[in-house]
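>>> Have a look at this prediction, sequence included:
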Amino acid sequence: MVPRLLEKYRNEIVPKLMADFKLKNKMAVPRVEKIVVNMGVGEGTQDIKVLEKSVEELANITGQKPVIRRAKKAIANFKVRQGQAVGAKVTLRRAMMYEFMDRLLNIALPRIRDFRGVPRDSFDQGNNYTLGLSEQIIFPEIEYDRITRTQGMDITFVIKNAKNADQARALLKHFGMPFSREGEEK
C-alpha cells in the first residue's frame, strides 16, 4: 500500500514544483530523502532506566528500533565519559518516513498547546530543515499516564535536490508543514 503523502507528492506536489521553479525534469524536483529523529538523553548517563524508557518511547513514536548514541569524547563538566550512552536516534526512509511525516503534520503538531507554527528559518547550509519538539506527549502513540518525564527531540528533514532554502520550504509547505507567519515577506 502506497502512503498517502507519497501519492500526494507524486500526483500533486511534483507538477506544482516543476511549474513554480520552471524545472523540466521530474528528477530535478526537491524531495525528502530521509527523516532523522534524535533524542538526547543527558540523564541517561546517571540512570540507565531513563535511557531505556526514552528508547522505548522513541520506538513507539517512529515504529522503528532506535540506535543508542554514545559520547565520542569525555566531558568532565557534564560528567560524561567516552563511550557512555547519551541519546537515541532513528533514521526513517521510504514508506516509514512518509507515514511518520503524515502523523507528525496532521496529528502531532496540531496537538501542541498555543501552537503558532514552526520556525521558517531553521534550514542549514544543505537546505535540510530541523524542527525541535519539547515534549513527546504530542504523539498519540505515547500514553500520558505512563510518562515518567517529558523528553524533547529534534526532527531533521533531509531534502535532496533543493537549490536553495526557498525550494526546500516550498516542498515542505506543499506537504502541509505549518510555517509561522513571522518573517514572511509581505
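Thanks, I have it. None of the values given here were measured: they were computed from a predicted structure. Numbers count the residues shown, from 1 in each chain.
>>> What ranges does the protein have for its strands?
In the chain, the strands defined using DSSP state E lie at 31-40, 67-70, 85-92, 129-133, 153-160.
>>> Can I get the ones you listed in JSON lines including mean pLDDT and mean neighbour count?
All C-beta atoms are positioned from the backbone trio N, CA, C, and that covers glycine. What follows is the strands of the chain, written out as JSON lines (pLDDT from 0 to 100; neighbours: other CB atoms under 10 Å):
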{"stretch": "strand 31-40", "mean pLDDT": "91", "mean neighbour count": "19"}
{"stretch": "strand 67-70", "mean pLDDT": "84", "mean neighbour count": "14"}
{"stretch": "strand 85-92", "mean pLDDT": "87", "mean neighbour count": "20"}
{"stretch": "strand 129-133", "mean pLDDT": "89", "mean neighbour count": "18"}
{"stretch": "strand 153-160", "mean pLDDT": "91", "mean neighbour count": "20"}
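>>> Next, format those strands as TSV and append distance to residue 1.
Putting those into TSV (distance: least, CB to CB, whole Å) gives the following:
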stretch	distance to residue 1
strand 31-40	19
strand 67-70	27
strand 85-92	17
strand 129-133	27
strand 153-160	23
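>>> closest one to residue 179 among these?
Closest approach to residue 179 among the strands of the chain is made by strand 129-133 (9.9 Å; CB to CB).
>>> for the closest one, the distance to its chain's centre please.
6 Å (CA atoms, centre = their mean, to the nearest Å).
>>> Can you work out which other helices and strands pack against that strand?
strand 153-160, helix 165-175 (3 or more CB pairs under 8 Å, 6 or more residues apart in numbering; DSSP states H and E).
>>> hang on, the earlier thing: looking at the strands of the chain, which is closest to residue 108?
Nearest of these to residue 108, taken as CB to CB: strand 129-133 at 8.1 Å.
>>> and the closest one with helix 165-175, angle?
60 degrees (axes from the mean of the first three to the mean of the last three CA atoms, to 10 degrees).
>>> any residues touching strand 129-133, and which ones?
118-119, 122-124, 152-157, 159, 168-169, 172, 177 (CB atoms under 8 Å, 6 or more residues apart in numbering).
>>> how far off strand 153-160 does that strand point, in degrees?
Going by the same axes, to 10 degrees, strand 129-133 makes 170 degrees with strand 153-160.
>>> was I right about residue 134 contacting residue 150?
Yes: Residue 134 lies in contact with residue 150 (CB atoms under 8 Å); the separation is 7.3 Å.
>>> quick one: common contacting residues for these two?
Common contacts of residue 134 and residue 150 (CB under 8 Å, 6+ apart): none found.
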